[in-house]
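J.: Any chance you can model this:
(one chain, ligands or ions: 2)
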Amino acid sequence: MSAGTSQALSRGFFLTFEGPDGSGKSTQLRKLSAWLEREGQSVVVTRQPGGTPLGDRIRALILDSRTGNLAPMAELGLMFSDRAQAIAEVIRPALEQGRMVLCDRFTDSTEAYQGGGRQLGSEIVLRTHKVMCGGLNPDLTILLLADFDRSLARARRRNDRTAASGQNEGRFESEDVEFHRRVYLKYREIADREPGRVVSIEGDQPIEAIHRRIVAVVDERLRSMAGPC
Ligand code: ADP
Ligand code: TYD
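T.: Ligands and ions are numbered 1, 2, ... in the order given. Next comes the predicted model:
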């Protein structure tokens, strides 16, 4: 399939991937990025938390399961500090150059994990987003929702593998099942609230089938931005 995406975008395009841990975001993001590059797009790939030198330090701190006693509000503040830095250093400059930014997680994650999981509620997350993110919202969000038990099991297995290699990023995966259920339900709520921005994709399909569906959605969006030929 040729997307007609090969001309540079005049104002950039901000695409985020969302979903619970282990839903397949990173796998799909890599595949989409490779497809877009074959189509001639200039792509910037980043992730949250992380993606800048400061963000990588924040990531190490908040994902490390040895970081005990982090107050939910402190966690919320760190997520938005990481995001403000990434917007200033990576995302805005790339969009201003007309590039496509693919970001693994953004504010929907904060709403799902801190708003839902930690039970701070959506309102404080959306208000903080307005203050800290300077009005930047994704043009499109791909939300991957696989079967709840299966994706949690996948995330925990992957975490055991990374822990064996000396990395410790398991602070969220080790939360109890009820935490993860609240995250999952909050994602569904966000998708119902913003159907124009958020496209939910059934994650219990083979990797290639999900990729084809994502390509179709992105292709259609980029064509509609380009307008009639
Ligand atoms: P996330 O970034 O959402 O945490 P990953 O892309 O890292 O998820 O995937 C988590 C694990 O599940 C990886 O081992 C990956 O290879 C596997 N995986 C990803 N997508 C699928 C899929 N559709 N079916 C089966 N396994 C998958
Ligand atoms: P990551 O490696 O991106 O997630 P995944 O397991 O899906 O590959 O880890 C990021 C973790 O941080 C993940 O458990 C979700 C959590 N998180 C928040 O709690 N709030 C946020 O705002 C963000 C961006 C992530």
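
J.: So which helix or strand of this structure has the lowest pLDDT on average?
T.: One helix or strand of the chain scores below all others by mean pLDDT, DSSP states H and E: helix 148-164, with a mean of 77.

J.: Off-centre distance for that one?
T.: Centroid separation between helix 148-164 and its chain, computed with Cα atoms, centre = their mean, to the nearest Å, is 18 Å.

J.: contacting residues around Gln186?
T.: No Gln there; residue 186 is Lys. Contacts of Lys186 were listed using Cβ atoms under 8 Å, 6 or more residues apart in numbering, and they are 111-112, 115-117, 122. Using the backbone N, CA and C atoms, a C-beta is placed for each residue, glycine as well.

J.: show me where this structure has helices.
T.: Taking DSSP state H, the helices of the chain run over residues 25-38, 53-63, 72-86, 92-96, 107-110, 122-132, 148-164, 177-193, 207-226.

J.: Around ligand 2, which positions in the protein sit nearby?
T.: Taking Cβ under 6 Å from any ligand atom as the contact definition, the chain meets ligand 2 at 21, 25-26, 47-49, 63, 79, 104-105, 109-110, 113-114, 155, 169, 172.

J.: Apply the buried test to those residues and list what passes.
T.: Burial by neighbour count, 16 or more other Cβ atoms under 10 Å: within these this picks out 21, 25, 47-49, 63, 79, 104-105, 109-110, 113-114, 155, 169, 172.

J.: The nearest residue to Tyr187 once chain neighbours are set aside - how many residues pack around it?
T.: Nearest non-adjacent residue to Tyr187, counting by Cβ to Cβ, 6 or more residues apart in numbering: Ala112, 5.0 Å away. Other residues lying near Ala112 total 27 when counted by other Cβ atoms under 10 Å.

J.: and what of Pro206?
T.: Around Pro206 there are 8 other residues, counting by other Cβ under 10 Å.

J.: for it, phi and psi?
T.: Note on Pro206: its backbone torsions stand at phi -60, psi 150 [degrees, to the nearest 10].

J.: what's the spacing between it and Ala86?
T.: According to Cβ to Cβ, to the nearest Å, Pro206 stands 32 Å off from Ala86.

J.: pLDDT wise, what is Arg47 at?
T.: Turning to Arg47, the model gives it a pLDDT of 98.

J.: you'd agree it is up against Arg105?
T.: Yes. Taking contacts as Cβ atoms under 8 Å, Arg47 lies within contact range of Arg105: 6.4 Å.

J.: highest average neighbour count across the helices of the chain?
T.: Most buried of the helices of the chain, by mean neighbour count (mean count of other Cβ atoms under 10 Å): helix 107-110, with a mean of 26.

J.: From the chain's centroid, how far away is it?
T.: The chain centroid and the centroid of helix 107-110 are separated by 8 Å, computed with Cα atoms, centre = their mean.

J.: does any part of it sit near ligand 1?
T.: No. On the criterion Cβ under 6 Å from any ligand atom, helix 107-110 is out of touch with ligand 1, staying 10.7 Å away.

J.: And that helix, what does it pack against?
T.: strand 13-18, helix 72-86, helix 122-132 (3 or more Cβ pairs under 8 Å, 6 or more residues apart in numbering; DSSP states H and E).
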